[in-house]
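Novice: Provide a 3D model corresponding to the input given below.
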Amino acid sequence: MKSYIDEEPIFDDVLKEHYNEIFVFILKQIENVEDSKDLTQEVFFKTFQNYHKYDPKKAKVRTWLYKIANNHVINYWKSAYIRKKVNCEIDFARIADSEDTLETLIKAEDFTIILKLMIKSLSKRDVRIMNLYFFSELSSSEIAISMRMNKKTVSNIISLSIKKIKDDLRDQHE
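Specialist: Have a look, this model is predicted:
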């Protein structure tokens, strides 16, 4: 029989093991080192405050951290400060030169444009799923656990969301 300690990692170990991974996840979306550091600190502070609520039977601690980080990034982009700070217009002529513009953006790691397209084109739930899909190394199963959804549903949302983003990109360019 496992002990409580074996099931629930000590917070210090979680911090050491996942800090850089969560920081990179946030940095890819925010593209600002200082803001990413701040958000990562907030994620781990929130994690620390709520660590007593973590249930290892529901998800791995890594999956739980990504869910918290993903929600923080979404809130960051929604904030009025950022809406004023970031120009939400997308230069569709610049990015639509390629046959598969979404793939081009992913390969170029132009995450800000991808995030703006997702926010513009998708529902809040689908944006959360796509953030996890594009910006983390979570599998569809881990995303399903994090979102408390069926794996097949998550896979369908990913496929449909990619198609919608591509269609919106094509429409905007024409």
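Novice: looking at this protein, which helix or strand does the model trust least?
Specialist: Using mean pLDDT, DSSP states H and E, the weakest-scoring helix or strand in the chain turns out to be helix 4-7, at a mean of 44.
Novice: For the lengthiest helix in the chain, name the packing helices and strands.
Specialist: Ordering each helix of the chain by length in residues (DSSP state H) puts helix 151-173 first. On a contact count with 3 or more C-beta pairs under 8 Å, 6 or more residues apart in numbering; DSSP states H and E, helix 151-173 meets helix 92-95, helix 101-107, helix 111-121, helix 124-135, helix 140-147. (C-beta placed from N, C-alpha, C; glycine too.)
Novice: The same query, at a cut-off of 6 Å, please.
Specialist: Helices and strands touching helix 151-173, by 3 or more C-beta pairs under 6 Å, 6 or more residues apart in numbering; DSSP states H and E, are helix 101-107, helix 111-121, helix 124-135, helix 140-147.
Novice: could those helices go into a markdown table alongside distance to K163?
Specialist: Formatted as a markdown table, the helices and strands packed on helix 151-173 follow (distance: least, C-beta to C-beta, whole Å):
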| stretch | distance to K163 |
| --- | --- |
| helix 101-107 | 10 |
| helix 111-121 | 10 |
| helix 124-135 | 12 |
| helix 140-147 | 17 |
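Novice: now for those helices, which one comes closest to S155?
Specialist: For S155, the closest of the helices and strands packed on helix 151-173 is helix 140-147, at 5.2 Å, according to C-beta to C-beta.
Novice: what angle do the closest one and helix 151-173 make?
Specialist: 90 degrees (axes from the mean of the first three to the mean of the last three C-alpha atoms, to 10 degrees).
Novice: So for helix 140-147, what gets flagged as buried?
Specialist: S140, E142, I143, A144, I145, S146, M147 (16 or more other C-beta atoms under 10 Å).
Novice: No more questions from me, cheers.
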